[in-house]
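> just to be clear, the model below is a prediction. Sequence and coordinates:
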Amino acid sequence: MTTSPKHVTFNADSFWVELSDGRTIGVPLAWYPRLLNATQAQLEAYELSPRGIHWDALDEDISIEGLLAGRGDMTRRRRHAA
C-alpha cells in the first residue's frame, strides 16, 4: 500500500501533512531551509503527487518516504575554503 499526501497545512514553526492512511505528520520547517524562509503564499503554492509534495517556485521536493523516515533536507551544500 502506498501512503500518499492528501493535504498540507502550516503554522509558524511546522508543516503538517495529512496522509491517505489517516495519519498526520508534523515536521519542523527548520528541517527545510527553503520552506523556513518562504512566504505564506509560497508555502501554500504546493502540488501533491502520489509520492510527495512539490513547490515549483521554491524548487523543493519532499517525499513521503523521507518524511516517514525522519529525514530533513538532504541537499548537499558546497563548503567554502577558508
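Now that the structure is in, tell me what you want to look at.
> pairing partners for the residue nearest the centre of the chain in the sheet, please.
Closest to where the C-alpha atoms of the chain average out (CA atoms, centre = their mean) is Ile62, at 4.7 Å. Beta-bridge pairing of Ile62, defined through DSSP bridges, involves Ile53.
> wait, it touches Leu48, no?
No. Assessed by CB atoms under 8 Å, Ile62 is found out of contact with Leu48, at 10.7 Å. The C-beta positions use only the backbone N, C-alpha and C, and glycine is treated the same way.
> so what's the residue nearest to the centre of the chain up against?
Counting by CB atoms under 8 Å, 6 or more residues apart in numbering, Ile62 touches 32, 52-54.
> need the residues touching each of Ile62 and Leu48.
Applying CB under 8 Å, 6+ apart, one finds that Ile62 and Leu48 are jointly contacted by His54.
> pretty sure Thr2 contacts Ser49?
No. If you go by CB under 8 Å, Thr2 and Ser49 don't touch, sitting 10.9 Å apart.
> just want to know which of these two has more residues nearby.
Shown here are Thr2 and Ser49; by other CB atoms under 10 Å, Ser49 has more neighbours (12 against 9).
> pLDDT below threshold where in this structure?
Within the chain, the ranges that satisfy pLDDT under 70 run 1, 74-82.
> which parts of the chain are strands?
Assigned by DSSP state E, the strands in the chain fall at 5-10, 14-19, 24-28, 47-49, 52-55, 60-63.
> dump these to TSV, plus distance to Asp73.
Listed next are the strands of the chain as TSV, based on distance: least, CB to CB, whole Å:
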stretch	distance to Asp73
strand 5-10	16
strand 14-19	13
strand 24-28	11
strand 47-49	19
strand 52-55	13
strand 60-63	9
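> number of nearby residues for His7?
So His7, with other CB under 10 Å, has 11 neighbours.
> if we ignore the residues flanking it in sequence, what's nearest it?
Among residues not flanking His7 along the chain, Glu18 sits closest, at 4.4 Å (CB to CB, 6 or more residues apart in numbering).
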